[in-house]
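Colleague: What follows is a predicted protein model with its sequence.
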Number of protein chains: 2
Amino acid sequence: MKLKLASSYGFCFGVKRAITIAESYTNSATMGPLIHNQNEITRLKDDYNIGLYNKLDDVQDKDTVIIRTHGIPKNDLKELKQKDAKVINATCPFVTTPQQIVKKMSTENYSIVIFGDETHPEVKGVKSYGDDVHVVLEPEEFEKIIFKHEKIATVAQTTKKKEKYLEIVNFLILKYKEVRVFNTICDATFENQAAARELSKEVDVMIVIGGKNSSNTKQLHDICVENCEDSYLIENHNELDFSWFSKKEICGITAGASTPDWIIQQVIDEIQKI
Amino acid sequence: MKLKLASSYGFCFGVKRAITIAESYTNSATMGPLIHNQNEITRLKDDYNIGLYNKLDDVQDKDTVIIRTHGIPKNDLKELKQKDAKVINATCPFVTTPQQIVKKMSTENYSIVIFGDETHPEVKGVKSYGDDVHVVLEPEEFEKIIFKHEKIATVAQTTKKKEKYLEIVNFLILKYKEVRVFNTICDATFENQAAARELSKEVDVMIVIGGKNSSNTKQLHDICVENCEDSYLIENHNELDFSWFSKKEICGITAGASTPDWIIQQVIDEIQKI
């Protein structure tokens, strides 16, 4: 089996940064999962004793709390800072940007649209920074929305697809006199996506490695499926099914922005056994 | 020959307003043609003795000068106001809006993109209100443009097509962190366009009445040709060619935003003779 890695894959800047921060605070704990990758979270627990809080009340005095890469809602951060705990902010700077935009645009009387998943922690965090903030995934959703203001400002979840963001903003541009469009989509995501698109065109089978609850990993998989029917999303080498490689010659490999190199290496090692 | 008028056609709000203003200043003159319709300008000359200045130096002390619907460059207006002449501003309020946006965005350090024709008087006027203002018609033109600032603000010539404006702003959104999109395209133009689109689908021959140098009239004609091959642009009834109507049953009629009702009526009367 010939293996080919995408020209860009895996950890983005924000995730690398968050892990480096976490590794320097042994015996701490993160507010929500630090990144969307269970294997890496287990490694941080095993090697650095970094635990996990599921809710604010879990935080005890003198604890060291690490804020996850996706950020947390404004009031949660405020409440944490009021506790007698040490708060370490590992929010990705590319997520801090839309948080600050939403805050500023809200004070300037813009109604705000976030293009993203309402249930995603990043979006929950960003949304909490403004008033009259509406989260949408499709232009059709605007039918039910009544904006408080005449001017609209838009941001996007950092891991969303640009093409779809354009659909959302175009709908608004045609309808409103001023639409202030902030392109908060992270380039790292797109470099991985562009590389996956290219690679998936030239292989027989494509393996996408990443968390199944990771938005950007799922999008990588969607992109690969478009070009290579036999594209599989796995979290680690244990999920590999050797039947996938029968009668195939070239296998492409890519990985989501929260997938550590050591997991990718294990997958490569396993496939090379074929 | 069955005749059918578009559900919306002819004079827009800004043109009606400018003519009403002009009619109340007999013996005045306009700075550039008041509207893009030579027949109406001739009528104003004949009935109200409203003349035409071709350049600023033509203006004499004590003259009454009417600013055309398309507006004039900022410095020209300033120079006029410094003369001992009475300046009457008939600039369409929908054109004043992009002028003011460009002025404001310039002071807030945005680079500015105008989607429009560089040579159109409206665009020349709007452009004069800012620094680092670039006029484009196609996204390809951005290749040659170096913006002074990181943030971009966009306005459109009031008579341009929305779909093309989206192409321009989408290009910018993908490339720049903030694009502040002002939809300065005038709805009146679109109501006429939508009505022309509908009507041109159900007729055998389509007559578009308007100035041949009028941007919005040309666009109306383009739209009609898409649905009805036999669409003709004429300035007045004298240009009608009876051969156009041979073997046709239904004739649709629309008119540009600067076409007066009396010209439309003359065309209708002439066609009804068939």
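Modeller: Perfect, thanks for sending it. Predicted, not measured: the structure shown is a model, and the values here were computed from it.

Colleague: Tell me which residues of the host helix or strand of residue A:77 come out buried.
Modeller: Assigned by DSSP states H and E, residue A:77 belongs to helix A:74-82. For helix A:74-82, burial by neighbour count (16 or more other CB atoms under 10 Å in any protein chain shown) applies to A:74, A:76-77, A:80. All C-beta spots, glycine's among them, are computed from the backbone N, C-alpha and C.

Colleague: from those residues, which is closest to residue A:107?
Modeller: Nearest to residue A:107, judged by CB to CB, of the buried residues of helix A:74-82 is residue A:74 at 13.4 Å.

Colleague: quick one, what contacts that closest one?
Modeller: By CB atoms under 8 Å, 6 or more residues apart in numbering or on different chains, residue A:74 lies in contact with A:99, A:125, A:128-129.

Colleague: please redo it, this time with the cut-off set to 6 Å
Modeller: A:128-129 (CB atoms under 6 Å, 6 or more residues apart in numbering or on different chains).

Colleague: Next: the one 10 residues further on.
Modeller: When contacts are counted by CB under 6 Å, 6+ apart, residue A:84 touches residue A:61.

Colleague: Next up, identify which helix or strand it is on.
Modeller: Applying DSSP H and E, one finds residue A:84 in no helix or strand.

Colleague: Quick check: beta-bridge partners of residue A:205?
Modeller: residue A:251 (DSSP bridges).

Colleague: That one touches residue A:252, doesn't it?
Modeller: No. Assessed by CB atoms under 6 Å, residue A:205 is found out of contact with residue A:252, at 7.4 Å.

Colleague: out of those two, which sits in the more crowded spot?
Modeller: Taking neighbours as other CB atoms under 10 Å in any protein chain shown, residue A:205 and residue A:252 compare with residue A:252 leading, 26 against 23.

Colleague: Got the phi and psi for the nearest residue to residue A:110 once chain neighbours are set aside?
Modeller: Spatial nearest neighbour of residue A:110, chain neighbours left out: residue A:153 (4.0 Å); criterion: CB to CB, 6 or more residues apart in numbering or on different chains. Backbone torsions of residue A:153, given as degrees, to the nearest 10, read phi -120, psi 140.

Colleague: The one 10 residues further on too?
Modeller: Listed backbone geometry of residue A:163 is phi -60, psi -40, with angles given as degrees, to the nearest 10.

Colleague: quick one: contacts for residue A:81?
Modeller: Residues in contact with residue A:81 (CB under 6 Å, 6+ apart) are residue A:87.

Colleague: Can you give me the pLDDT of it?
Modeller: On the pLDDT scale, residue A:81 is placed at 91.

Colleague: mind checking the SS state of residue A:88?
Modeller: Secondary structure, DSSP: H, G, I helix; E, B strand; the rest coil: residue A:88 is strand.

Colleague: And it, how far from residue A:103?
Modeller: 21 Å (CB to CB, to the nearest Å).

Colleague: Ok, residue A:162 next?
Modeller: The value you get for residue A:162 to residue A:103, if CB to CB is used, is 24 Å.

Colleague: Check residue A:34 too.
Modeller: Distance of residue A:34 to residue A:103, computed by CB to CB: 24 Å.

Colleague: Looking at those two, which one has more neighbours?
Modeller: A direct count of neighbours by other CB under 10 Å for residue A:34 and residue A:103 places residue A:34 higher, at 25 against 16.

Colleague: give me every residue that touches that one.
Modeller: Going by CB under 6 Å, 6+ apart, residue A:34 touches A:18, A:22, A:68.

Colleague: Can I have the buried ones of these as a PyMOL selection?
Modeller: Filtering the contacts of residue A:34 down to the buried ones (16+ other CB under 10 Å) takes a single PyMOL command:
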select buried, chain A and resi 18+22+68
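
Colleague: Mind picking the one among the contacts of residue A:34 that's closest to chain B?
Modeller: residue A:18 (22.4 Å; CB to the nearest CB).

Colleague: Does that closest one fall in a helix, a strand, or a coil region?
Modeller: The assignment at residue A:18 comes out as helix when based on three-state DSSP.

Colleague: can you check residue A:203 too?
Modeller: Assigned with three-state DSSP, residue A:203 falls in the coil class.

Colleague: Residue A:253 is in contact with that one, correct?
Modeller: No. Using CB under 6 Å, residue A:203 is not in contact with residue A:253, being 8.9 Å away.

Colleague: any idea how far residue A:267 lies from residue A:232?
Modeller: For residue A:267, the distance to residue A:232 equals 11 Å [CB to CB].

Colleague: Same check on residue A:142?
Modeller: Counting by CB to CB, the gap from residue A:142 to residue A:232 is 36 Å.

Colleague: which non-adjacent residue is nearest residue A:233?
Modeller: Counting by CB to CB, 6+ apart, the residue nearest residue A:233 is residue A:221, at 4.3 Å.

Colleague: and the residue of chain A most remote from its centre, how far is that from chain B?
Modeller: Distance from the centre of chain A peaks at residue A:247, with 34.4 Å (CA atoms, centre = their mean). Per CB to the nearest CB, to the nearest Å, residue A:247 is found 40 Å from chain B.

Colleague: By mean pLDDT, which helix or strand of chain A comes out lowest?
Modeller: When each helix and strand of chain A is scored by mean pLDDT, DSSP states H and E, helix A:187-201 comes last, with a mean of 91.
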